[in-house]
Each structure stands twice: as C-alpha cells, then as structure tokens.
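**Student:** sharing a sequence plus its predicted fold:
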Amino acid sequence: MQQRETTEHPLRKWQEAVWLLIALLIPLFVNLWVEQQFEPSKVWLLRTLVWVLAVLWLGGWLGGFRPTPLPSPIRNLVILLLLVLTLSTLLSTNHYIAIFGTLERANGLLTQVSYLLLFLCVATQINAQSSRLLLHVVILTAVPICLLGLAQATGWQPLPVYTDARSLMTTTLGRANFTGAYLALLLPLTLTTAHSATNNWSRIGYGALATLELIVIVLAQARAAWIAAIASIGVLLWLRFAPNWSRRVRWMSVLGGLVTFGGVLTLILQRGIENAGSIAARWTIWQGSLRLLWSRLWLGYGADTLELNFPSVYPPQLVYYQGRGVVVDRAHNWLLDWSLNYGIVATVIFFVLVTLILREGWVRLATPQNAAASLSGEKPLENYWLAACLAGICTQLVGNLFLFEVAATAILFWMLLGIVTAATTHRKKQVLQLSLPRWVRNGVIAIIILMLGWAIWQSNARPLIADVHSWRGTRALSQGNPSAALAEYSEAVSRQPQRAAYHVAVALTAAQLGSFEQAERAMREAIALRPTDPVLFAQLAAIYAREAIETPEKIEMAYGAYKQAIAIAPTIALTYQQYADLALRSGDAAVALIQAQRAVDLDATDGIAFGILGWAQLQTGNLSAAQGAFEQAVIWQPDSADFHLGLATVYFQQGRFDAAHQEMTRSLLLDPTYAPSLTLQLQLADK
C-alpha cells in the first residue's frame with residue numbers, strides 16, 4: 001500500500017461548504033408552503049445536508065484520505081450511544097415514530113443520528129481556521145433573527161406564518177422560547193467576538209449585536225432563555241479568568257457557583273409553582289414524566305413518543321397551568337426527555353460524552369497558548385474561542401433543564417462539541433493511502449450515492465411533498481372548498497400513509513361532506529397507527545355523533561369511542577366534557593350528569609362542563625344542584641347566553657321571577673336573537 005502526505009483532500013472544501021450551509025440555513029429557514037412551516041421543515045433540510053456531508057466524508061475516506069481520528073474514549077462512547085439508541089428504537093412502543101419522529105417535531109432516531117454524524121464530521125475534519133469561519137457564520141445568523149424578533153415584538157408580523165404559539169415573536173424558530181434559547185447559545189460567541197475584535201468598528205458592531213441579542217431574549221419572556229443567558233455569561237467569565245487561579249480558588253468558585261445556581265433555581269421553582277404559571281406546568285409535567293419513566297427505565301419508549309404515552313399519567317391539575325386540549329409531547333427537561341426517549345442508559349452515556357469533551361476543553365484551556373501550539377504543530381484555536389464554545393455547550397445544558405432542543409439549537413450544540421473535540425485532539429497531517437483500485441472505489445461511491453438519494457427521497461422529500469398537499473388542503477378548506485381539500489388530504493395520505501394526522505384530516509373533511517363511511521375508515525386507519533392516542537378516539541366519537549343525526553344508532557358507537565378514550569387517559573377532563581355534551585344533546589340526561597360531574601371534578605374551572613351539568617340537573621328536577629352548577633358556569637363562561645338562560649330557567653321554576661328576569665336580560669344582551677331566551681322572556685311577561 002502506497003502513502004504520501006497531503007494538505008487536504010479535494011472534497012474538504014465541499015465538506016466545509018456543507019457545514020457552513022447547515023449553520024446558516026437551519027436557524028433561518030422557514031417553509032411557507034407546507035403545513036409544518038418551522039421545525040419539521042428544518043429537520044428535513046438538516047438531515048439531507050448532514051447525510052450529504054457524511055457521504056462526502058466517506059468519499060474522501062474511500063479515496064484514501066484519512067481524517068483525524070477521534071480520541072478512543074470519545075469514539076467508543078459515540079459508538080455505544082448509537083447502539084443504545086438503535087436498541088431503544090427496536091424496542092419502542094411505536095417504531096415508525098421512533099425512527100422518523102412525529103409530524104410536529106420530526107425528532108426521531110434518524111434526526112438524532114444526523115446530529116451525531118454532524119458531530120463526527122466536524123470533530124474529525126475541522127481545523128482552527130475553519131472553526132473561526134464557522135463560528136462567525138453562526139454569530140451572523142443572529143442579525144436577521146433579532147431584527148425580526150424586534151419587529152414582531154412591536155406587533156408587526158412580516159412573515160405569512162401561522163402558529164399556535166401565544167407570543168407573536170416566532171421569528172424563524174417558531175416560538176419565542178426557541179428564539180430566546182438560540183440567542184442565549186449565541187451570546188457567549190458574540191461577546192467573545194466583540195471582546196477579541198482587532199478594530200473599533202468590529203468591536204462596536206459585535207457589541208451592538210450582543211446587546212440586541214440580550215434585548216430580544218428579554219422580550220421573548222421565556223424564563224429558560226433568561227436563565228440560560230445568565231448562565232452563559234457566568235460560565236464565559238469563569239472560563240476566561242479561572243485558568244489563572246489556583247486549584248483551590250477554582251474549586252471554591254465552582255462550588256459557590258453551583259450552590260448559587262441551585263439556590264436560584266429552587267427559588268424560581270418555588271415562586272413559579274406558587275404563581276401557577278409555566279414553571280408550575282413544568283413541575284407538574286416532570287412529576288408525571290417520572291411516573292411514566294419508571295416502567296421503561298433502561299431503554300425508554302422510543303424517540304418522540306411521549307405524546308402517545310403521557311396521557312396515561314396525565315396530571316389533572318395540569319389543565320390549570322396550560323389550558324385544555326394542550327398535548328404534552330416533551331418533558332421540558334433534557335434529562336427526562338432523553339430518559340423517556342432512549343432510557344437512562346443512553347442518558348448516562350450522553351452525559352459522560354459531553355462531560356468528557358468539556359473536560360478535555362478545560363484541560364486545553366488551562367494549558368498555556370504557546371504550549372498548545374507547540375503540541376499541535378499549527379496555530380490552534382485561540383483560548384478565547386475555546387472558552388466561548390465551552391460556555392455555549394453549558395448554556396444548552398442549563399437552558400434545556402426547562403426547555404427542549406430544536407433543530408437550530410441542536411445543530412449548534414453538536415457543532416460546538418465537534419469544534420472543541422477537534423481543538424483538543426492532536427492533529428496529524430492527512431495521509432493519502434492508495435488501497436482500492438479506482439474502478440472499485442468509483443463503484444462503491446456510486447452505490448453510496450444511490451443509497452443516499454433513496455434515503456433522502458423516502459425520509460425527507462416524501463414527507464415534504466405530503467405536507468405541501470396538506471397545506472393546500474387546509475387552504476382549500478379555509479376558502480370553503482372541502483371537496484378540493486379532501487383531494488389534497490388524500491394525496492398527502494398516499495405520500496405518507498403512516499402519518500395519522502393526514503388520515504384525520506381526510507376523516508374530518510369527509511364527515512363535513514357527509515361521506516361518513518370514508519370518514520370512519522380514515523379515522524380507524526389513524527387509530528391503528530396511534531392506538532394509545534385518546535384524542536383520536538374522541539374525534540371518532542365526534543364523527544359518530546355527526547352521523548347520528550341521520551343514523552341514531554351511531555350514538556352508542558360514539559359513547560363507545562369516548563369510553564375507549566377515557567380508558568386510555570382517565571384523568572383528562574375535556575374528554576368527559578365532550579362525552580357529557582353529546583349525551584345531553586341526545587336527550588340522555590343521566591349519562592350527561594355522570595360525565596359532566598366527572599369533568600368538573602377534574603377541572604373545577606370548566607364553565608362549559610358546569611353548564612352541561614346544570615342542564616342535566618335541571619332535566620332531572622334537581623333545581624338546587626342545577627342552580628349551583630349554572631352559577632359556576634357563568635363565572636367561568638360569562639359570555640355564554642345559554643348558561644345565563646339556564647340560570648334564569650332555574651330561577652323561573654323556583655318562582656324567583658326578578659332574578660330570572662335579570663339573567664334572561666343578560667342572556668339577550670349576549671345574543672339578542674337567542675330563541676330560547678326570547679321564549680322565556682314571553683313567559684316572564686305573564687308573571
């Protein structure tokens with residue numbers, strides 16, 4: 001076998017171009033022509049680019065160019081992590097979602113493996129010069145994000161996006177908390193660039209950008225981003241000064257910082273739980289997640305499957321903190337999310353891997369710059385850049401104690417890990433090893449390219465095309481054309497038959513058109529894909545209820561569907577409310593009474609459930625109980641003409657005509673054309 005030294009292989013520049021594209025495009029990319037405009041679109045693009053990057057890396061290897069090998073401990077941990085992730089997926093409760101992820105997140109095994117491939121490509125190929133360029137490109141992505149965030153904070157939405165987020169500040173990340181988390185990651189890099197700038201204009205420009213990042217982080221009103229930003233600045237300052245301190249002072253400062261951080265987090269948790277806000281919601285989700293984790297502690301449930309499993313342990317008090325009908329698909333804590341997805345074994349391996357890289361970075365940081373240069377034989381990455389990268393890694397770990405990773409934050413996190421690994425690895429000159437005949441090498445590369453094309457088509461292009469059809473269907477439906485919408489949704493199903501959401505869209509649209517047989521069939525197909533999703537059974541019940549107008553026997557089937565939903569998730573009040581509403585409309589007051597009572601027992605702020613309970617009690621002749629229920633109903637649902645009418649009806653039957661007249665008047669103020677209130681008005685006129 002022949003060998004000769006070379007500076008770099010011909011594909012090296014292509015690899016650098018691809019990882020620069022990843023760093024630039026993923027945070028900024030928004031697809032306006034699909035249903036899932038933010039995260040899934042970013043993930044499909046990310047996976048495609050990373051797989052191309054991996055093929056370029058492999059092409060160089062087959063060409064005889066050997067990249068810098070990873071240190072043995074890091075290499076072994078990565079291999080072990082890949083094996084455990086794969087095993088967890090094989091034993092998952094839903095293999096398709098565990099591999100490809102949900103339609104809303106697309107964070108399955110393929111995505112996690114893509115992050116690891118990105119780390120491997122960067123760690124084994126990047127040099128100090130390319131690291132500086134990559135970091136500068138990453139920093140500059142903050143400019144459009146911050147400007148867009150400021151515009152949206154003033155109420156102007158320049159992008160034609162739609163989202164269920166409460167805040168208008170979606171930027172290009174999809175939500176305000178994701179925007180804050182990404183900018184918190186960039187903050188130590190931007191501050192370092194400003195501090196190390198060689199001229200005043202650059203220093204002023206990057207300083208202004210860092211200030212802008214802080215302003216947008218504050219405007220995002222996301223506590224996780226605030227905590228992450230403060231931690232990033234603290235860690236960066238410590239890394240800049242700690243190498244000059246004695247060992248004792250270092251340990252004392254670390255201990256003091258950890259105690260302070262723990263105390264602040266405890267205080268935030270206590271205040272947040274008392275205020276019944278998002279922190280209280282996090283705390284409640286964590287409690288439910290811990291109960292869920294215990295039964296599959298070692299290997300988890302599979303990636304992205306939490307929304308299918310959490311309903312079984314849904315804490316009923318969670319409705320007070322985040323509202324009704326909100327799906328929990330993340331634990332909002334990276335330790336719990338990793339454990340639920342892949343098990344505690346994978347979580348420990350991941351933690352050890354990150355800790356080892358951080359340790360190697362610290363050792364290099366504590367080494368004098370001239371000594372590091374003499375060891376590597378080339379100008380290494382400056383210590384201030386290394387400190388910024390380490391601070392960024394810590395920022396992600398701290399911020400995701402209250403949040404979760406998205407594509408933009410994940411690719412930056414893994415790139416920073418790769419840069420630190422490369423900076424702390426002894427680099428050798430690449431050696432060209434001519435070991436394969438040219439025709440063999442070209443044949444293998446051709447096969448790999450074909451496999452790459454097939455993988456991109458199946459995993460990224462087909463989902464994209466399906467979502468385009470779903471978006472067209474939603475547009476057609478909003479324009480009052482359900483027939484065209486049904487055709488588009490059906491095309492989405494043909495492209496992605498494993499996606500339950502597209503089957504549901506077909507079912508609901510078909511029911512709207514009166515094609516109940518098609519609607520039932522589509523819902524059954526959706527349920528077969530997600531048999532532990534209570535929402536699907538509730539939607540099936542709604543279709544049966546609609547069909548029951550023409551076919552009364554379908555009511556019992558609707559009852560059965562609601563019972564299945566309750567069996568899966570017995571603590572979700574909304575299901576009981578919907579069940580009670582159907583029973584009341586069907587004239588079954590006894591069933592409505594039972595289900596409405598269960599609903600208000602689980603959710604004492606549900607005005608609709610109290611209203612249903614009031615009408616059910618009224619129909620059974622229990623006026624005092626009906627009065628109490630209606631009084632609660634108008635407290636929690638004061639804009640309901642029907643519930644004010646119910647209270648007026650109770651007062652009328654009790655002979656309290658003045659009180660009945662007041663409530664009837666309130667009902668008509670809310671809806672002057674409400675026929676039952678007008679009827680009661682005529683009856684009161686005779687009294």
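**Tutor:** Happy to help now that I have it.

**Student:** tell me, what residue is most central in the chain?
**Tutor:** Per Cα atoms, centre = their mean, the C-alpha nearest to the average position across the chain is that of Arg105, at 5.6 Å.

**Student:** and it, which of the three is it?
**Tutor:** Taken by DSSP: H, G, I helix; E, B strand; the rest coil, the conformation at Arg105 corresponds to coil.

**Student:** got the phi/psi numbers for it?
**Tutor:** phi -120, psi -40 (degrees, to the nearest 10).

**Student:** ok, it touching Pro40?
**Tutor:** Yes. With contact defined as Cβ atoms under 8 Å, Arg105 reaches Pro40; the gap is 7.1 Å. Backbone N, C-alpha and C define where each C-beta goes, glycine included.

**Student:** pull out the buried positions in stretch 234-250.
**Tutor:** For stretch 234-250, the neighbour count (16 or more other Cβ atoms under 10 Å) marks Gly234, Val235, Leu236, Trp238, Leu239, Arg240, Ala242, Arg250 as buried.

**Student:** for the last one, pull up the helix or strand it's in.
**Tutor:** Element membership for Arg250, per DSSP states H and E: helix 247-275.

**Student:** and if you look at the second one?
**Tutor:** Of the helices and strands defined by DSSP H and E, Val235 is found in helix 223-241.

**Student:** how far does that helix sit from its chain's centre?
**Tutor:** Its chain's average C-alpha position is 23 Å from that of helix 223-241, according to Cα atoms, centre = their mean, to the nearest Å.

**Student:** helices or strands up against that helix?
**Tutor:** Judged by 3 or more Cβ pairs under 8 Å, 6 or more residues apart in numbering; DSSP states H and E, helix 223-241 is in contact with helix 176-196, helix 200-219, helix 247-275, helix 383-399.

**Student:** okay if I get those as a markdown table plus mean pLDDT?
**Tutor:** Formatted as a markdown table, the helices and strands packed on helix 223-241 follow (pLDDT from 0 to 100):
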| stretch | mean pLDDT |
| --- | --- |
| helix 176-196 | 96 |
| helix 200-219 | 95 |
| helix 247-275 | 90 |
| helix 383-399 | 96 |
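
**Student:** okay if I get the ones you listed as CSV plus distance to Ala659?
**Tutor:** Formatted as CSV, the helices and strands packed on helix 223-241 follow (distance: least, Cβ to Cβ, whole Å):
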stretch, distance to Ala659
helix 176-196, 46
helix 200-219, 48
helix 247-275, 37
helix 383-399, 54
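
**Student:** of all the ones you listed, which one is nearest Tyr562?
**Tutor:** Closest to Tyr562 of the helices and strands packed on helix 223-241 is helix 247-275 (Cβ to Cβ; 32.7 Å).

**Student:** check which element follows that closest one along the chain.
**Tutor:** Following helix 247-275 toward the C-terminus (DSSP H and E): helix 278-293.

**Student:** give me the buried positions along that next one.
**Tutor:** Under 16+ other Cβ under 10 Å, the buried positions of helix 278-293 are 278-286, 288-289, 292-293.

**Student:** redo those residues as CSV? Include distance to Leu58 and pLDDT.
**Tutor:** Output for the buried residues of helix 278-293, formatted as CSV (distance: Cβ to Cβ, whole Å; pLDDT from 0 to 100):
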residue, distance to Leu58, pLDDT
Ser278, 44, 86
Ile279, 46, 90
Ala280, 49, 92
Ala281, 44, 93
Arg282, 42, 94
Trp283, 46, 94
Thr284, 46, 95
Ile285, 41, 96
Trp286, 41, 96
Gly288, 43, 96
Ser289, 38, 97
Leu292, 39, 96
Leu293, 37, 96
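
**Student:** what about Pro638, how many neighbours?
**Tutor:** Applying the criterion other Cβ atoms under 10 Å, we find 12 residues in the vicinity of Pro638.

**Student:** cool, Gly480 as well?
**Tutor:** 8.

**Student:** got it, and Gly180?
**Tutor:** By other Cβ under 10 Å, the burial measure for Gly180, its neighbour count, is 30.

**Student:** ok, now how distant is it from Thr171?
**Tutor:** Noted for Gly180: a distance of 10 Å to Thr171, by Cβ to Cβ, to the nearest Å.

**Student:** so the helix holding Val235 versus helix 383-399, what angle?
**Tutor:** Helix 223-241 and helix 383-399 are oriented at 150 degrees to each other (axes from the mean of the first three to the mean of the last three Cα atoms, to 10 degrees).

**Student:** quick check: closest non-adjacent residue to Ser41.
**Tutor:** Asn31 (3.8 Å; Cβ to Cβ, 6 or more residues apart in numbering).

**Student:** and the one you found, what does it touch?
**Tutor:** Gln37, Ser41, Leu464 (Cβ atoms under 8 Å, 6 or more residues apart in numbering).

**Student:** doesn't it lie inside a strand?
**Tutor:** No. Secondary structure assignment places Asn31 outside any strand; it is coil (three-state DSSP).

**Student:** relative to Ile594, how far out is the closest residue to Phe178 other than its chain neighbours?
**Tutor:** Of all residues not flanking Phe178 in the chain, Val406 sits nearest, at 5.2 Å (Cβ to Cβ, 6+ apart). Per Cβ to Cβ, Val406 is found 43 Å from Ile594.
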